[in-house]
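>>> no FASTA, just this:
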C-alpha cells in the first residue's frame, strides 16, 4: 500500500487491487443514524460489552439470517475484529499454548498470538483441501507434536476466498469439541459469498465467533466488530474489555444499529463485487494468471505465479512499476510458500478491474 501511495503521488496512475477493504462508504441509513446520535446522545462511555440495542440486533440477525439462536448476553461488541481477536486469544489461551492457523491465512492471527506468548502452529493448506484445514490435517499435526489448544478458521478466508461447506465446518467443530480444542471462527467476510452461503459456528459448543462491520457492512473506518462468546469465557472477556478498551466507540455503536435495515444497499455492493469477480476470473487467465484459489467468498483472488517467479514481493513491485496495477505479495499471508503467490482484491470499481486486466494482458505478452 505504501509503494502504491508513493506511485500515486508521483505519477497518479495506480489501480488499487491490493487494498482489502470496501471502496464503498457506510450505508445511507448508518450515516443518518450517526447524525441523529450526534444530536441526541451524550456519546460517553458505554458498557464494555456494548450497548444493548446493538447486541440485541446482532442476536436477532443470527436467527433471521442463519436460523441460529444466540442470546444477546453472549454478544460482545468490540473495537473492530482486531479487538475481538485480542479478547478471544487472551481469554481462551495461556502463554505457551499452541494454536493452529491455516497457511496461507490472515497474518494478524500469527502476530497477535506470538505477541501474547502463544505459539501459532502453521497448517499448510492448498488446492487439494480447497485451501481450508481438514480434520485429517489437524489430527496429523496433533499426532506429530503436542496437542493443539486452539484452532482458528476463516470461511470465507483471507487471502484465498475459500470456504468450508456446511458439513465440513460442522465436522471440524465437532472434532475440536471432542478433543478439547478451542475453535475460533473468523466470520468477518460473511455476507460476501458467490456460490453458497457461509455457515456460522455460533451454535457449536465452546466456539468463539468473530465478526466485523468492516467488510460486508462497509463500515471499515468506524472500527466496530463483535464476538459471540461461550458462557465459560464471558466474564473473562468482560474484564479484559473493561481494562483494555473501556468500551467500543459510542457513535459507531449507535449508528451500527441501523445497518441491519440497509440490506438492499449492502447487497448492491455485493452485486458489484460479483461482477468484478467475474471480470477477473474470465480475463486473468488470458494474462497467464490461471492458477487461482476457489474465490467462493470475500473479495480476493489468490494466484499462483510460480511460472514466472519465486519472489512474489519483487514481482509485485515490478508489476506496480511497469503497469500501475497494485496487488499484495503472498508472503504477507504465508511464510512457507507465499513467495509463489499474490493476492488480487476486487473490492474496487468494475472499471478498475477491466482496466487492470487489460494492462496485465499487454504486460505478460
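Nice, thanks for sending it over. Bear in mind that the values here come from a model prediction, so they are computed numbers and not experimental data.
>>> surely residue 58 meets residue 73?
No. The pair residue 58 and residue 73 fails to qualify as a contact (Cβ atoms under 8 Å) at a distance of 11.6 Å. No exception for glycine: its C-beta is placed from N, CA and C like everyone else's.
>>> The two: who's more crowded?
residue 58 (24 against 13; other Cβ atoms under 10 Å).
>>> In contact with residue 121, which residues?
Contacts of residue 121 were listed using Cβ atoms under 8 Å, 6 or more residues apart in numbering, and they are 98-101, 141, 145, 148.
>>> If you rank those residues by neighbours, which is first?
Within these, residue 100 tops the neighbour count with 25 neighbours, counted by other Cβ under 10 Å.
>>> In a helix, that one, correct?
No. With DSSP: H, G, I helix; E, B strand; the rest coil as the criterion, residue 100 is assigned strand and is not in a helix.
>>> From what I see, it and residue 147 are in contact.
No. Here residue 100 does not reach residue 147: they are 10.3 Å apart, not a contact under Cβ under 8 Å.
>>> which residues do the two both contact?
Overlap between the neighbourhoods of residue 100 and residue 147 consists of residue 181, taking contacts as Cβ under 8 Å, 6+ apart.
>>> ok, residue 330 - contacts?
So residue 330 contacts 104, 159, 302, 312, 337-343 (Cβ under 8 Å, 6+ apart).
>>> Domain map for this structure?
Residue ranges for the domains of the chain, per automatic domain parsing: 2-26+263-363, 28-261.
>>> Can you check the distance spanned by the first one, start to finish?
Using Cα to Cα, to the nearest Å, the gap from the first to the last residue of domain 2-26+263-363 comes to 23 Å.
>>> And for the longest one?
Its start and end residues considered, domain 28-261 measures 10 Å (Cα to Cα).
>>> Show me the contact partners of the longest helix belonging to the chain.
Looking only at the chain and at elements set by DSSP state H, the helix with the highest residue count is helix 263-283. Helix 263-283 is contacted from outside by 22, 24, 27-29, 191-192, 194, 216-218, 259, 292, 295, 299, 301, 344, 346-350, 353-354, 357, 361, using Cβ under 8 Å, 6+ apart.
>>> Buried among these? Make that a ChimeraX selection.
Restricted to buried positions by 16 or more other Cβ atoms under 10 Å, the ChimeraX selection for the contacts of helix 263-283 reads:
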select :22,24,27,29,191,192,194,216,217,218,259,292,295,299,301,344,346,347,348,349,353,357,361
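>>> Mark which of the contacts of helix 263-283 are part of helices, please.
28-29, 350, 353-354, 357, 361.
>>> Next, format these as a markdown table and append pLDDT.
As requested, the ones in helices among the contacts of helix 263-283 are arranged in a markdown table below (pLDDT from 0 to 100):
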| residue | pLDDT |
| --- | --- |
| 28 | 97 |
| 29 | 97 |
| 350 | 96 |
| 353 | 97 |
| 354 | 97 |
| 357 | 97 |
| 361 | 95 |
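>>> and the two most separated of these?
29 and 361 (40.4 Å; Cβ to Cβ).
>>> low-scoring stretches of the stretch 151-300 of the chain, by residue?
With pLDDT under 70 as the threshold, the stretch 151-300 of the chain has no low-confidence stretch at all.
>>> burial count for residue 125?
Using other Cβ under 10 Å, residue 125 is surrounded by 22 other residues.
>>> Next, it: phi, psi?
According to degrees, to the nearest 10, the main-chain angles of residue 125 amount to phi -130, psi 150.
>>> ok so, going back, now go through the contacts of residue 330 and say which are in strands.
Secondary-structure check on the contacts of residue 330 using DSSP state E: residues within strands are 302, 341-343.
>>> Quick one: buried ones out of those residues?
Members of these that pass the buried threshold by neighbour count (16+ other Cβ under 10 Å) are listed as 302, 341-343.
>>> For the host helix or strand of residue 83, name the packing helices and strands.
Remark: residue 83 resides in helix 80-92, with elements defined by DSSP states H and E. Packed against helix 80-92, as judged by 3 or more Cβ pairs under 8 Å, 6 or more residues apart in numbering; DSSP states H and E, are the following elements: strand 75-78, helix 107-115, strand 182-186, strand 208-212, strand 225-228, helix 231-244.
>>> Check the gap between the residue lying closest to residue 341 once chain neighbours are set aside and residue 224 for me.
In this structure, residue 341 finds its nearest non-sequential neighbour in residue 330, 3.1 Å apart by Cβ to Cβ, 6 or more residues apart in numbering. Distance of residue 330 to residue 224, given as Cβ to Cβ, to the nearest Å: 29 Å.
>>> give the contact list for the residue sitting nearest the centre point of the chain.
The residue at the geometric middle of the chain, judged as the C-alpha nearest the mean C-alpha position with Cα atoms, centre = their mean, is residue 188 (4.6 Å). Residue 188 makes contacts with 81, 154, 210-212, 214-215, 225, as judged by Cβ under 8 Å, 6+ apart.
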